[in-house]
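Visitor: got a predicted structure plus its sequence, pasted below:
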Amino acid sequence: MAADFEITLLGTGTSVGVPVIGCPCRVCRSEDPRNKRTRSSLHIRAGETSVLVDSGPDLREQALRENLTKVDAVLYTHDHVDHVVGFDELRAFCWHRDTPLPLHARPSCMATLQTMFGWAFSSGNHYSGYVKPDPRLIDGPFTVGDLAITPLPVEHAQTETNGFLFEAAGAPAVAYIPDVKSVPPATFGLLRNADILIIDALRAKPHPTHLSTDEALAVIAESGVARAWLTHLSHDCEHHELEATLPAGVRVAWDGLKIRA
């Protein structure tokens, strides 16, 4: 299985992306492609199983860039705009399916999706070109094909939010938490099962709803994971400069990064 396991960071940016519209800062003007960050999203492949995490506003661009043609399920971390508004792009993954596309989300996020995209969830949605969702509420661990998935509840603003722990036979256990301010003790217990952690590290300066770089490093140290990647990065983070300050085993993620067993 390990040879058929791959994580792709589709996007590693914060809610406004990098470069930021109208910003003349050196990171926004950087020619280094690793400083160009679309909104945070992840794709995981395990054997024949293909799973997308979040459908942000850059999903079309990300899918074309990575030649992503098949998705078996979509998982949602939470209902903030930068994680859901690419919903309509999911229709490309529905056209060749015989059954609706499973969408896994916590109750509040599912309610938001059903409100924002009511046409898709409507019983009158018969047009073949539309997204055909199969809503599935997250209330504990579940499986999608070859993947065992455990939700990782975290605190992020006032929004019901979780990351995910992915486990597949013969592959490293990967935890993905793109939006978080604090990690509850029960979730730390689950993180200790991970071999790799991909985690929010917005910027060096503290933020009210996201981990700063130092806060993210503290979570990584407490979790005990051997390998970690920082994601959901703002234009305050210059890739090479930030990476030069990090301890062994911790690196800065970039759009298109692939993590294999």
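Guide: Perfect, thanks for sending it.

Visitor: who's sitting farthest from the centroid in this protein?
Guide: Gly124 (30.9 Å; Cα atoms, centre = their mean).

Visitor: next, the nearest residue to His232 once chain neighbours are set aside: phi, psi?
Guide: Excluding the flanking residues, the one nearest His232 by Cβ to Cβ, 6 or more residues apart in numbering is Asp200, at 4.3 Å. Any C-beta I mention is one placed from the backbone N, CA and C, and that applies to glycine too. Backbone geometry at Asp200, expressed as degrees, to the nearest 10, gives phi -50, psi 130.

Visitor: same question for Leu242.
Guide: Here Leu242 shows phi and psi, under degrees, to the nearest 10, equal to phi -70, psi -50.

Visitor: burial count for the nearest residue to it once chain neighbours are set aside?
Guide: Distances taken as Cβ to Cβ, 6+ apart put Val252 closest to Leu242, at 5.3 Å, once the chain neighbours are dropped. By the other Cβ atoms under 10 Å criterion, the neighbourhood of Val252 contains 24 residues.

Visitor: over to the one 5 residues further on?
Guide: As a burial measure, Leu257 scores 18 neighbours (other Cβ under 10 Å).

Visitor: wait, doesn't it sit right on Leu9?
Guide: Yes. Counting by Cβ atoms under 8 Å, Leu257 does reach Leu9; the two are 4.3 Å apart.

Visitor: okay, and the common contacts of these two?
Guide: Counting by Cβ atoms under 8 Å, 6 or more residues apart in numbering, the shared contacts of Leu257 and Leu9 are Trp229.

Visitor: for Val51, give me its contacts.
Guide: Per Cβ under 8 Å, 6+ apart, neighbours of Val51: 43-45, 71-75, 144-145, 147, 149, 166.

Visitor: just the element for Leu230, please.
Guide: Using DSSP states H and E, Leu230 sits within strand 227-231.

Visitor: what helices or strands is that strand leaning on?
Guide: strand 196-200, helix 213-223, strand 250-252 (3 or more Cβ pairs under 8 Å, 6 or more residues apart in numbering; DSSP states H and E).

Visitor: in this structure, where is pLDDT below threshold?
Guide: 1-3 (pLDDT under 70).

Visitor: show me the residue sitting in the middle of it in space.
Guide: When Cα atoms, centre = their mean is applied to the chain, the residue found nearest the centroid is Ser41 (3.8 Å).

Visitor: Gly56 is in contact with that one, correct?
Guide: Yes. Using Cβ under 8 Å, Ser41 makes contact with Gly56 at a distance of 5.1 Å.

Visitor: residues that sit against both of these two, list them.
Guide: 11, 83.
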